[in-house]
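1. 3D, please:
(chains A and B)
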Amino acid sequence: MSIGSSPIREDAAAKVTGQARYPADRTPPDAVVAKVVFTDQPHARLVSLDTSAASASPGVLAILTGADVAVNEYGLTLFDQPVFVSVEHTGRSSVRCDVSRWEADHLAVVVAETTEQADAAANFIEAEWEQLDVVADIDDALADDAPLLHAEDGLGSNAYHNYKIRKGDMQAGWARAAAVVEATYELPHQEHAYLQPEAGLAYIDDEGRVVVEVGGQWTHEDREQIAHALDLPEDRVRVIYPPIGGAFGGREDMSLQIVLALAAKTLHESGTDRPVVSQWSREESIVGHHKRHRGRIKARWGADADGKIVAIHNEAWLDAGAYNYTSNKVLGNCHIGQAGPYEVPNAHIDSHAVYTNSVPGGAFRGFGGPQAAFVAESQMNRLAHELGIDPVEIRRRNLLSDGSIGITQTPMPDGVTIREVVEACATEADFDSALGPAEVFSPFASLPPSPASLKRGRGIACALKNVGFSFGFPERCEATIVLHGEPDSGTPDRAELFHAGAEVGQGSHTAFLQMAAEATGIDLDKVEGRFSDTASSGDSGSASASRLTFMAGNSILGAAEEADRAWQEGHRPAVGHFRYVPPSTEPLDPETGICHPNFSYGYVAQVVELTVDTETGHIVIDRVVSTHDVGKAINPDLVVGQIEGAVVQAHGYTLSERLRVDDGRILNPRFSSYLIPGIADVPTEIKSVVLELADPRGPWGARGMAEMPYMTYAPAVIAALHDATGIWFETFPLTPDTVLARLGT
Amino acid sequence: MIANEFEYRRPTTLPEATKYLAEHPGSVRVLAGGTDLVAALRDDAIAPDLVVDIKAIPDLNEIRLDGDTLHIGTLVTFTEIIESDLVAEHAPLLAEMAETVASPGIRNRATMVGNICSAVPSCDAGPVLLALDTTVHLTGPNGERSVDINDWFVGLRKTARTDDEVVTHLTIKLRKHSGVYVKLMRYAGEDLAQAAVGIVTYPDNTYKVTFGAVAPTPIRSSRIEETLSGKELSDELVAEVRAMVPDEISPITDIRATAEYRTHVTAVALDRGLWAARGRLRGDGPAYGTRLI
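-> Got it, this is the predicted structure:
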């Protein structure tokens, strides 16, 4: 059996020995350097731009601006972002290009012999700006007199994307309520903080294609966007992903892809055939790519005396920042996630994505789900508290099961296992047991054994998260398997797998090879991977939405079957290609939200135990029990790796990471001022509980799981902190000063 | 990248070093560990015409005991403080403080003297050296001089050192004592202090009490010291000095903490620190190096 075991990762040796060459390690000897110049203007109109002095600066080969780009627009789901802010441009664009709406909008690219020369020349670019009122946040954006940041969309509001849920009879629901809980929650930004800042390499290959080697999450989507901006046929662009230093959703949108391609193409056309490299500093990375959305969600929930939910009324606003990125999609996920994994008879939910001059919000592990789960689970825990019902018991009375009608008024896809997950979590965490005395350790080491200032608490949260693209977004995944062997041999002796699915550190390629070995019956060490090159692989879709194991697994199963058929027919090598298309999904109905939003879900429950020092506000997370139905663990060690990694990432979101954005500018673009947890900060114990209850559509029953451990951590911590202190927190990160201010000590 | 260009000198003797330093008054910086200096250059926070690297000057990296005086050279790094047997035996408070500084990689380069020459409000060495009987020894064009640590910090990032002087070493007069350094940080990772408290106590129930990151410079509180002086520690006495803290410090609100939080936790740290210091003197306190908060 190749699946269900944990062989050493296919990339482990190269990564631990330093042999793996990440995008920043691939600079050819004759490369020139491209430096992206940000506008540094959260909101201003470009009056004039003079690059003549910069062009004359030593070592400069080219200065690229809006005048050099064929189609001055891009965007993953809406073309609402100019490649360059420019006074005038020759190409097409559906967005007004002379306005900088974000401090990291691109003004120009300097191409020079060396980094130092490019940096020096950038200082000579002269731009004259007319300052416009900065729309700093959601409140600014929704004010009556707010400037419209994208008037071209014709909506007359910065709240440019809106969803509704209208389900049941709210009045009848409220009439049955024995308890009502109401709160306004403020959700913070989060930075992806991947190890490797953006970097890449572009050149023209032997076939005249523009090649970009870069870290991303979806080779074919990168290719499409590059081709669009450069006005090239897609087959004239080739995207290759070398080893990628983390992504978490932060590489789903463009960073250097288009400008690198543009630079290589422009040089080539002017007779200079030299590769172009570019690399962002950490500060440029943090300022220059999107974040997890900050937002505000108002929630009013009612339950009857037995704890059954009778009505929920929510309104949510996500700060999309200056451009859409994937905000419309994130908003959809956040929208339906606000009902939690529960049967809700009556619901009224409005959700809005709002343009501001802040850093764009976009994809980040959980994709709008964590914000929604924080609210749903906080509301559920408050209802339990109000009604005096145990938090596990109140969930038993409300959880979805097979056949349940979901919040979008259609049946849940088969394989609803949230009940099993919650029960397993409560059992493994010994949820009903009394908490022991505060452990005396690390930050509290020298305190007396039972100091009055230490208090302990325990909390639970659970959630569902979709696997795969939602709301009718085209979903598919392709794989090719080639079987090799002698014409007269009965079984192939080796296989090749061609797949574009991105390895962003999660171990996807190892899992792909395991699944290919399993599907072909060939030993794992006889299966070779050819990965992440648009020239050799079909479209896999992105490494996102907890979808790759599910989607790639199904594509590999199909390709293996096709290859086997070819083998039986006598073809040598025997080639099998397959494009897996899952059950289709639908967009939300604009008035009611009715739809089949998703084709598969993963389920999670977490119990968190913590200790808080009520005299200092310091919190230590003593134990996390993270419970998941993964359907089938293709590689159990990698599953645990995802659980522990997601918990640590969520720990930073919940406890220490505070992005400071003032009037559209990020004030702390460094890890000395934006604090991701260190090893001494993370939970003392993370217990991973892995259930394998098959998803009927999953390959070998596997479900996606990579985002799920992130979903529930913040609400579980908040519940545990309430258990310890009696105070509900509506916002986080729970930095010591924030906690202490609320405790009032 | 460092945008500003500067001249770089690497003298091998002290007279040579002070000669260079005197060439660019007002626009010269001394390079020792470089962990503050290079960061400031990279940020364009400073733009000196000349940087004088003193690492090639011999004999500046010694830790030695001269009778009842501990000698610490200007190039001694925080790691060397942590690893020194002499420090462990005679002034373990220095090692307790050094272990809280940044990360091992930084501590391998950063010098303790450099820390008090940069003299940022949160410098970890400041409160501890102020609480010990420390003298700073300098040499300049006009010869050698020494400055009592109480006269060293003269303002935000300003010290008694003039631009043409090099600190050669510190001396610490030793007598029986115990001490505590409590450093509040935003998380357990590498961080500057939000607030810090240094305490040294002696068998006669006298104290030195110092604070970091809650005023423009590290400071000492003679009022609190006098209130504690000669008395056995008690809940009432601790409550009395805790109540004095807000008047003794002048914290600001910045990215690391609010002024209110700094004031509150400084009092908590003083409370817990006093008990720990007395316990250490009696022999039943927490081991050096354990965090009190």
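2. can you tell me which helix or strand B:Ile199 belongs to?
-> Using DSSP states H and E, the element containing B:Ile199 is strand B:195-201.
3. model confidence over that strand, on average?
-> On average, the pLDDT along strand B:195-201 is 97.
4. May I have it exported as CSV, CA atoms only?
-> Output of strand B:195-201 as CSV, limited to C-alpha atoms (Å, rounded to 0.1, in the frame of the first residue of the first chain):
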residue,chain,number,x,y,z
ALA,B,195,9.3,47.4,30.4
ALA,B,196,12.1,46.1,32.5
VAL,B,197,13.1,46.2,36.2
GLY,B,198,16.6,45.7,37.7
ILE,B,199,17.0,45.0,41.4
VAL,B,200,20.1,44.5,43.5
THR,B,201,19.8,43.8,47.2
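5. Pairing partners for that strand, with directions?
-> Using DSSP bridges, strand B:195-201 pairs in its sheet with strand B:178-184 (antiparallel), strand B:207-212 (antiparallel).
6. And those, which one averages the lowest pLDDT?
-> Across the strands paired with strand B:195-201, the lowest-scoring stretch is strand B:178-184, with a mean of 94.
7. mind exporting that strand as CSV, just the C-alpha atoms?
-> What follows is strand B:178-184, C-alpha atoms only, in CSV (Å, rounded to 0.1, in the frame of the first residue of the first chain):
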residue,chain,number,x,y,z
SER,B,178,21.8,39.2,44.8
GLY,B,179,19.9,40.6,41.9
VAL,B,180,17.0,40.2,39.5
TYR,B,181,16.4,41.4,36.0
VAL,B,182,12.7,41.2,34.9
LYS,B,183,12.0,41.9,31.3
LEU,B,184,8.6,42.2,29.8
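8. Give me the contact list for that strand.
-> The contact list for strand B:178-184, computed with Cβ atoms under 8 Å, 6 or more residues apart in numbering or on different chains, reads A:616, B:92-93, B:96-97, B:100, B:124, B:127-128, B:131-132, B:193-201, B:212, B:257, B:262, B:265-266, B:269-270, B:272-274, B:276-278, B:280-281, B:285, B:291-293. Where you see a C-beta, it was placed from the backbone N, CA and C, and this is true even at glycine.
9. Kindly recompute the last result at 6 Å.
-> Strand B:178-184 is contacted from outside by B:93, B:96-97, B:100, B:128, B:193-201, B:265, B:269, B:273, B:276-277, B:280-281, B:292-293, using Cβ atoms under 6 Å, 6 or more residues apart in numbering or on different chains.
10. again, but for stretch B:86-93
-> Against stretch B:86-93 from outside (Cβ under 6 Å, 6+ apart): B:Ile63, B:Leu65, B:Leu70, B:Ile81, B:Leu94, B:Ala95, B:Val128, B:Leu174, B:Gly179, B:Tyr288.
11. Low-confidence stretches in the chain?
-> Going with chain A. Chain A contains residues with pLDDT under 70 at A:89-90, A:440-450, A:745.
12. ah, no, chain B please
-> Confidence mapping of chain B against pLDDT under 70 gives the ranges B:293.
13. so where do the helices sit in it?
-> B:14-23, B:37-42, B:78-83, B:85-90, B:92-98, B:104-107, B:112-118, B:125-131, B:222-228, B:235-248, B:259-282 (DSSP state H).
14. Make TSV out of these and add mean neighbour count.
-> Formatted as TSV, those follow (neighbours: other Cβ atoms under 10 Å in any protein chain shown):
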stretch	mean neighbour count
helix B:14-23	18
helix B:37-42	16
helix B:78-83	21
helix B:85-90	14
helix B:92-98	25
helix B:104-107	16
helix B:112-118	25
helix B:125-131	29
helix B:222-228	17
helix B:235-248	15
helix B:259-282	22
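15. And the ones you listed: which comes nearest A:Met412?
-> helix B:259-282 (46.1 Å; Cβ to Cβ).
16. Any part of the closest one near chain A?
-> Yes: judged by Cβ under 6 Å from any Cβ of the partner chain, helix B:259-282 comes into contact with chain A at B:Tyr261, B:Val265, B:Val268, B:Ala276.
17. Apart from its chain neighbours, what residue comes closest to the residue of the stretch 101-250 of chain B found nearest chain A?
-> Going by Cβ to the nearest Cβ, chain A is nearest to B:Gly189 of the stretch 101-250 of chain B, at 3.1 Å. With sequence-adjacent residues excluded and distances taken as Cβ to Cβ, 6 or more residues apart in numbering or on different chains, B:Gly189 is closest to A:Gly678, at 3.1 Å.
18. Please apply the same query to B:Leu281.
-> Excluding the flanking residues, the one nearest B:Leu281 by Cβ to Cβ, 6+ apart is B:Ser178, at 4.1 Å.
19. give the contact list for the residue positioned nearest the centre of chain A.
-> The C-alpha lying nearest the average C-alpha coordinate of chain A belongs to A:Phe364 (Cα atoms, centre = their mean; 2.2 Å). Applying Cβ under 6 Å, 6+ apart to A:Phe364 gives the contacts A:Gly249, A:Arg292.
20. Distance check, it against A:Tyr194.
-> A:Phe364 sits 11 Å away from A:Tyr194, going by Cβ to Cβ, to the nearest Å.
21. So which of the contacts of stretch B:86-93 is the closest to A:Gly307?
-> The shortest approach to A:Gly307 among the contacts of stretch B:86-93 belongs to B:Tyr288, at 53.1 Å (Cβ to Cβ).
22. For the closest one, list the residues it contacts.
-> B:Pro92, B:Glu96.
23. What parts of the stretch 51-200 of chain B come near chain A?
-> The stretch 51-200 of chain B comes close to chain A at residues B:Arg186, B:Tyr187, B:Ala188, B:Gly189, as judged by Cβ under 6 Å from any Cβ.
24. now those as CSV including neighbour count and distance to B:Glu240?
-> Below are these laid out as CSV (neighbours: other Cβ atoms under 10 Å in any protein chain shown; distance: Cβ to Cβ, whole Å):
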residue, neighbour count, distance to B:Glu240
B:Arg186, 20, 30
B:Tyr187, 20, 32
B:Ala188, 18, 32
B:Gly189, 18, 35
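25. Okay, and the closest residue to A:Leu524 other than its chain neighbours sits in which element?
-> Closest residue to A:Leu524 apart from its sequence neighbours, by Cβ to Cβ, 6+ apart: A:Ala517 at 4.3 Å. Here A:Ala517, judged by DSSP H and E, is contained in helix A:508-520.
26. Same question for A:Arg45.
-> Here A:Arg45 sits within strand A:44-50, counting by DSSP H and E.
27. ditto for A:Ala502
-> Counting by DSSP H and E, A:Ala502 is found in no helix or strand.
28. how much space between it and A:Val310?
-> Distance from A:Ala502 to A:Val310, counting by Cβ to Cβ: 44 Å.
29. Which of these two has more residues huddled nearby?
-> A:Ala502 (27 against 22; other Cβ atoms under 10 Å in any protein chain shown).
30. for the more buried one, what are its contacts?
-> Applying Cβ under 6 Å, 6+ apart to A:Ala502 gives the contacts A:Gln217, A:Tyr241, A:Ser532, A:Ala543.
31. likewise A:Gly538?
-> Taking Cβ under 6 Å, 6+ apart, we find A:Gly538 in contact with A:Glu478.
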